[in-house]
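S.K.: Quick one, structure for this:
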Amino acid sequence: MDAATALKSAAAVLHRPADILPAYFLTPAVPAITRVVAFFGLAFAYLYLETTGRLARFRAELAARDLEPPPAAETDPEAFDAWVREVTPLVETVVTPTTVAILAVTLLATVVVSVVLAAVAAAAQLSASHARLRSERGTTAALRGARRHWLSILGLRVLETALWLLVLAGVGLVVGVVSLVSTLVAALVVLAAIPMTVGLLVVIRLTFVFATVAVVVDDASFGDGVRGAIGFLTTNPMAAGAYALIALGGLLALGAVAGALAVGGAGALVGVLGFVLLSPGLDLVKTGFYGDYRGTVDPPSVPEAPTSQRLKAGLYRGVGEMFAFVRRHPLLQVVSLSVAVGGFAVGWVAVEPFLGTASTSIAERLADHDPLFAAIEFGANNWTVAVSTAFAGLVLALPAAVALFFNGFVFGVVTRTEETLPELLAFVAPHGVIEIPAFVVAGALGLSLGGAGWLTARGRMSVDALADSLERAFWVAVGLGVLLFIAAVIEGFVSPYYYQPFL
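M.R.: Prediction:
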């Protein structure tokens with residue numbers, strides 16, 4: 001398979017997104033799931049401080065102190081040291097060995113869960129890619145492949161990281177030893193080592209890129225995946241090089257978009273393009289190359305209908321599926337709204353002791369508002385949050401509930417500490433009537449997927465039925481994207497301005 005055929009095959013698969021993209025919606029879902037660990041760790045630390053009375057002492061001392069450094073502290077080191085000595089006891093009230101231990105365990109658990117879930121997601125995504133390149137159902141393959149291959153892919157990632165560290169440590173050690181003899185020789189060694197090190201790291205990266213594909217395509221073990229990748233690289237260097245160039249071009253294109261949008265602060269769109277286009281596209285290309293090497297791919301053809309017509313039909317279907325989901329599950333909408341309102345109430349109450357020492361201002365946040373870039377950022381960020389909330393719910397619904405509660409909590413804190421509450425309410429009202437219900441529906445979708453995942457784990461629902469739920473969830477997410485795009489346009493171009501003559 002040449003590069004042009006691999007790209008055409010990837011495009012043909014992506015023209016039918018409902019059977020491939022649900023697996024890639026796991027990418028933003030992984031951080032939403034790992035946040036559950038952080039959430040409970042912080043909650044445990046909070047309960048410890050509250051039950052031991054340390055938090056009450058902290059609040060009392062915080063209210064009695066002025067935390068602002070004295071003006072002389074900016075120029076006088078002694079004045080700054082005196083201010084630090086005054087503030088240190090306040091910090092030590094809450095930063096104790098117990099809280100440090102709780103936070104350390106939480107951080108470690110978060111990292112471990114994140115790494116494991118990333119391997120699970122990669123196994124699902126590559127399995128979906130291989131299935132679609134065989135004209136088979138991708139969502140079902142994703143669910144089965146995630147369970148079957150995640151451990152092998154995790155092992156490959158750990159091994160690759162270890163090899164990278166070994167290479168970099170070895171080069172650093174050599175340079176360090178040589179520098180003891182001669183600085184000039186060390187500089188020459190560095191110049192010679194840079195291209196060699198980069199080349200070696202590229203070879204390692206390519207090997208493990210195709211090793212993960214080999215695990216899925218060959219249904220292979222950890223070691224057989226590495227051997228399969230080495231065999232592919234030695235017999236198909238042109239295909240491997242073509243993939244490397246395609247991947248580099250894709251990353252450079254995404255980087256160019258990121259650079260252009262960074263000027264106006266619309267970086268969230270880059271993340272959306274990453275998990276909707278670049279990541280699935282590259283997975284399909286490398287799986288196509290390796291699958292052709294193994295003779296296991298038979299890519300589907302591109303649909304005959306024009307792209308614009310299919311895009312329009314897809315958006316209409318997404319909106320229809322979204323409203324149908326709301327009608328089918330009214331109780332889930334109530335539960336989702338209740339969790340979000342509960343989070344808002346907790347945030348409103350929890351921030352009360354800090355009123356007067358902390359404040360927010362919608363006017364300051366809108367000081368450098370650019371309507372176009374803001375609309376892009378709001379739309380992309382909000383849709384990413386909606387997708388992550390919904391698909392993270394697949395893990396027994398808990399991440400979706402935590403996301404709803406946390407977002408409500410943050411909004412409660414921001415509302416309670418707002419300096420000009422009428423201005424904040426006036427800003428939120430026009431787009432909030434669309435955006436807030438969309439988040440509620442996303443939360444309900446996450447709860448629904450959690451129920452389906454639980455039934456599947458208990459053996460009361462088939463994998464194919466869960467795949468049906470995921471594909472319906474994809475279309476609901478498309479409908480949510482339409483709503484959130486409309487809300488983002490209003491938030492960018494209307495919400496910051498319309499009320500100013502009145503307030």
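S.K.: pLDDT weak spots in this protein?
M.R.: 62-76, 78-79, 83, 262-266, 503 (pLDDT under 70).
S.K.: Which residue ranges make up the domains of it?
M.R.: Taking automatic domain parsing as the domain assignment, the record places the domains of the chain at 3-45+100-294, 307-493.
S.K.: Quick one: closest of these to Pro77.
M.R.: Go through these one by one with Cβ to Cβ and the one that ends up closest to Pro77 is domain 307-493, at 26.3 Å. Just so you know, the C-beta spots here come from the backbone N, C-alpha and C atoms, and that holds for glycine as well.
S.K.: for the closest residue to Leu445 other than its chain neighbours, what are its contacts?
M.R.: Nearest residue to Leu445 in three dimensions, chain neighbours excluded: Ala390, at 4.1 Å (Cβ to Cβ, 6 or more residues apart in numbering). Residues near Ala390 by Cβ atoms under 8 Å, 6 or more residues apart in numbering: Phe25, Ala29, Ala400, Ala442, Gly443, Leu445, Gly446, Leu449, Ala473, Val476, Ala477, Leu480.
S.K.: in what helix or strand does Ala390 lie?
M.R.: Remark: Ala390 resides in helix 371-392, with elements defined by DSSP states H and E.
S.K.: Mind exporting the C-alpha coordinates of that helix to CSV?
M.R.: Output of helix 371-392 as CSV, limited to C-alpha atoms (Å, rounded to 0.1, in the frame of the first residue of the first chain):
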residue,chain,number,x,y,z
PRO,A,371,-15.7,38.1,19.6
LEU,A,372,-14.5,35.8,16.9
PHE,A,373,-11.7,34.0,18.8
ALA,A,374,-13.8,33.9,21.9
ALA,A,375,-16.7,32.2,20.0
ILE,A,376,-14.3,29.6,18.6
GLU,A,377,-12.8,29.0,22.0
PHE,A,378,-16.1,28.8,23.8
GLY,A,379,-17.6,26.4,21.3
ALA,A,380,-14.6,24.1,21.1
ASN,A,381,-14.0,24.1,24.8
ASN,A,382,-17.7,23.5,25.7
TRP,A,383,-18.1,20.7,23.2
THR,A,384,-15.0,19.0,24.5
VAL,A,385,-16.4,19.3,28.0
ALA,A,386,-19.7,17.8,26.9
VAL,A,387,-18.1,15.0,25.0
SER,A,388,-15.7,14.2,27.9
THR,A,389,-18.6,14.3,30.4
ALA,A,390,-20.8,12.0,28.3
PHE,A,391,-18.2,9.4,27.3
ALA,A,392,-16.4,9.3,30.6
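S.K.: gap between it and the chain center?
M.R.: Here helix 371-392 shows a centroid-to-chain-centroid distance of 11 Å under the convention Cα atoms, centre = their mean, to the nearest Å.
S.K.: Now it: buried residues?
M.R.: Residues of helix 371-392 classed as buried: 371, 373-392 (neighbour count, 16 or more other Cβ atoms under 10 Å).
S.K.: one step back: now restrict the contacts of Ala390 to buried residues only.
M.R.: Judged by 16+ other Cβ under 10 Å, buried ones among these: Phe25, Ala29, Ala400, Ala442, Gly443, Leu445, Gly446, Leu449, Ala473, Val476, Ala477, Leu480.
S.K.: Make JSON lines from these and add distance to Thr96 and secondary structure to it.
M.R.: Formatted as JSON lines, the entries for the buried ones among the contacts of Ala390 read as follows, by distance: Cβ to Cβ, whole Å; DSSP: H, G, I helix; E, B strand; the rest coil:
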{"residue": "Phe25", "distance to Thr96": "40", "secondary structure": "coil"}
{"residue": "Ala29", "distance to Thr96": "34", "secondary structure": "helix"}
{"residue": "Ala400", "distance to Thr96": "33", "secondary structure": "helix"}
{"residue": "Ala442", "distance to Thr96": "38", "secondary structure": "helix"}
{"residue": "Gly443", "distance to Thr96": "35", "secondary structure": "helix"}
{"residue": "Leu445", "distance to Thr96": "41", "secondary structure": "helix"}
{"residue": "Gly446", "distance to Thr96": "36", "secondary structure": "helix"}
{"residue": "Leu449", "distance to Thr96": "39", "secondary structure": "helix"}
{"residue": "Ala473", "distance to Thr96": "43", "secondary structure": "helix"}
{"residue": "Val476", "distance to Thr96": "45", "secondary structure": "helix"}
{"residue": "Ala477", "distance to Thr96": "43", "secondary structure": "helix"}
{"residue": "Leu480", "distance to Thr96": "43", "secondary structure": "helix"}
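S.K.: any idea which of these is the one closest to Ser135?
M.R.: Distance from Ser135 was checked for each of those by Cβ to Cβ. The minimum falls on Phe25, at 22.0 Å.
S.K.: That closest one touches Ala477, doesn't it?
M.R.: Yes. With contact defined as Cβ atoms under 8 Å, Phe25 counts as touching Ala477 (6.9 Å).
S.K.: list residues touching both of these two?
M.R.: Val387, Ala390, Phe391.
S.K.: List the backbone torsions phi and psi for Leu355.
M.R.: Here is the backbone geometry of Leu355 (degrees, to the nearest 10): phi -60, psi 130.
S.K.: What's opposite it in the beta bridge?
M.R.: Taking DSSP bridges, one obtains Ala358 as the residues bridged to Leu355.
S.K.: Touching, it and Arg416? I think so.
M.R.: Yes. Counting by Cβ under 8 Å, a contact exists between Leu355 and Arg416, whose distance comes to 7.2 Å.
S.K.: Neighbour count: the two, which is higher?
M.R.: Looking at Leu355 and Arg416 with other Cβ atoms under 10 Å, you find the greater number of neighbours at Arg416, namely 20 against 11.
S.K.: Please tell me how far that one sits from Pro496.
M.R.: Distance of Arg416 to Pro496, given as Cβ to Cβ, to the nearest Å: 21 Å.
S.K.: Also Asp81?
M.R.: 44 Å.
S.K.: hey, where'd the strands end up in the chain?
M.R.: In chain order, the chain shows no strands, with DSSP state E as the criterion.
S.K.: residues contacting the nearest residue to Glu418 once chain neighbours are set aside?
M.R.: In space, not counting the residues next to it along the chain, Glu418 is nearest to Leu424; the distance is 4.5 Å by Cβ to Cβ, 6+ apart. For Leu424, the contacting residues are Ile362, Val414, Thr415, Glu418, taking Cβ under 8 Å, 6+ apart as the criterion.
S.K.: which residue sits closest to the second one, ignoring its sequence neighbours?
M.R.: By that I understand Val414. Nearest non-adjacent residue to Val414, counting by Cβ to Cβ, 6+ apart: Thr360, 5.3 Å away.
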